[in-house]
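Peer 1: Predicted model, plus sequence, below.
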Amino acid sequence: MPLSAVFSTINAAGRVHSVLVWFIWNGETLTILTERGSVKHRNVERSGRATVVVHQNVAYVSAEGPVEVRGVSLELRRELWTRYAGPEVAAEMVTEDTTARMVALVLRPEHWIAVESG
């Protein structure tokens, strides 16, 4: 099973908003998908930044940096769903209607923290 991540943003009141997310890492950027108008989306639109933590057991990597909001293609959404839930579930869940309600939040890491276990 692929690893999940915790995606954190700051809301208008200055409070941290952290949620568990699925992600795609392409070697340069980390992409998550979220509903247009979600708390994550609104916070990123306002601040332009986020932090993500990916962990496995007690080892983890934390990356912080600017976030760009982009549109979502059916292919990108299908890739994410296939990775985490398998091709059958992806075929059922990924539709033009549901994808039209989504945005991609693309984090370009500027600061890294890595901790190895053991």
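Peer 2: Now that the structure is in, tell me what you want to look at.
Peer 1: Now do the same contact list for the residue nearest to the spatial centre of the chain.
Peer 2: Among the residues of the chain, the one closest to the centroid is Ile32, at 2.5 Å (C-alpha atoms, centre = their mean). Contact partners of Ile32, counting by C-beta atoms under 8 Å, 6 or more residues apart in numbering, are Ala5, Phe7, Val21, Trp22, Phe23, Ile24, Lys40, Val52, Ala104, Leu105, Leu107. Every C-beta, even on glycine, is put in place using the N, C-alpha and C of the backbone.
Peer 1: mind redoing it with 10 Å?
Peer 2: 5, 7, 19, 21-24, 40, 44, 50, 52, 67, 80, 103-107 (C-beta atoms under 10 Å, 6 or more residues apart in numbering).
Peer 1: That one belongs to a helix?
Peer 2: No. Assessed with DSSP: H, G, I helix; E, B strand; the rest coil, Ile32 is strand; it does not lie in a helix.
Peer 1: partners of the closest residue to it other than its chain neighbours in the sheet?
Peer 2: By the measure of C-beta to C-beta, 6 or more residues apart in numbering, the closest residue to Ile32 outside its immediate chain neighbours is Val21, 4.5 Å from it. With DSSP bridges applied, Val21 shows beta-bridge pairing to Ala5.
Peer 1: And Val21, how far from Glu116?
Peer 2: Computed as C-beta to C-beta, to the nearest Å, the Val21 to Glu116 distance reads 23 Å.
Peer 1: more neighbours, the two?
Peer 2: Val21 (19 against 8; other C-beta atoms under 10 Å).
Peer 1: The more buried one is in contact with Thr51, isn't it?
Peer 2: No. Taking contacts as C-beta atoms under 10 Å, Val21 lies outside contact range of Thr51: 12.0 Å.
Peer 1: That'll do, ta.
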